[in-house]
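Need the 3D shape of this:
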Amino acid sequence: MQNMRIVILAGQSNMAGRGVPEPEDFVPIPGVFALNEKLEWVAAVEPVTFDRPKLAGVSCGRSFARMLLWSTPCGPVGLVPAAVGGSPISLWKPGAEEEGTGKHPYDDALRMAEAARPYGEIVAILWHQGENDAVIHNDHYAADLEEVVLNFRRDLRLSDLPFICGELGKFLKGTRCDYPPVEEGIRQVVAKLPRMGLVSSEGLSDKGDKLHFDTPSQRIFGKRYFEEYLRIIGKRPGYW
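This next block holds a predicted model:
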């Protein structure tokens, strides 16, 4: 497989995906692949992620990849599922290790990205993260997120790589994850840095736990991420 459009999925559980799989989620999409834990390309069926095997479910990645494939049918799409459920932004720094698991979210994401790179071009990072930092009332989230974006672009040697952030779920209102400064921090970074995007979570639903997007919402989220990707690169649906 060559000439692949490679998309990195980063952040915590709502990017890893916790939606309950339905029959269609087990059906391969011709031309859409995912990097597995052995750094092998496999059909991108759910769960694409392997961060927490007992919890893994449907994410927005396949929906985004399907839209990218259909809109630009000039080569396959490869997903790099690097998101780690429960990871605060402090773990998305070089060298940071998750206690008890040996996971290094940022370093592992780079390792996977470099393994994928010989097969094509990295075209975007999709990011959804912030719930843990809301719980701990991280008042310097904007500075932390800016550092993450700049580190990825530096270490991947892609200074203008699109970096697209998703809003936290509206269903978090009134929960322990309801801390507006984190959401505001995301908006600040999107407004400050070039080639950034912000995806609305308006109207999306949780899976009943007031924390994770349900399966239909993840599919919609993927389409919204794609629309924001098109905006960043200066294209419109049907432009191709």
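
what separates the lowest-mean-pLDDT helix or strand in the chain from the chain centre, distance-wise?
When the helices and strands of the chain are compared on mean pLDDT, DSSP states H and E, helix 61-71 comes out lowest with a mean of 95. A distance of 13 Å separates the centroid of the chain from that of helix 61-71, by C-alpha atoms, centre = their mean, to the nearest Å.

for whatever helix or strand comes next after that helix, packing partners?
The first helix or strand that comes after helix 61-71 along the chain, using DSSP states H and E, is strand 77-81. Strand 77-81 sits against strand 4-11, strand 32-35, helix 61-71, helix 105-116, with contacts defined as 3 or more C-beta pairs under 8 Å, 6 or more residues apart in numbering; DSSP states H and E. (Each C-beta comes from the backbone N, C-alpha and C, glycine too.)

try it again with 10 Å
If you count contacts as 3 or more C-beta pairs under 10 Å, 6 or more residues apart in numbering; DSSP states H and E, strand 77-81 packs onto strand 4-11, strand 32-35, helix 61-71, helix 105-116, strand 120-128.

export those to CSV and tack on mean neighbour count and distance to Leu55?
Shown next, in CSV, are these (neighbours: other C-beta atoms under 10 Å; distance: least, C-beta to C-beta, whole Å):
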stretch, mean neighbour count, distance to Leu55
strand 4-11, 25, 15
strand 32-35, 24, 17
helix 61-71, 22, 16
helix 105-116, 19, 16
strand 120-128, 23, 15
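
residue contacts, the closest residue to His212 other than its chain neighbours?
Excluding the flanking residues, the one nearest His212 by C-beta to C-beta, 6 or more residues apart in numbering is Arg18, at 3.9 Å. For Arg18, the contacting residues are 47, 49, 52, 55-59, 85, 206-207, 209, 211-215, 218, by C-beta atoms under 10 Å, 6 or more residues apart in numbering.

Which among these count as buried?
Among these, those buried by neighbour count (16 or more other C-beta atoms under 10 Å) are 47, 49, 52, 56-59, 85, 206-207, 211-215, 218.

Which helix or strand contains Gly208?
Applying DSSP H and E, one finds Gly208 in no helix or strand.
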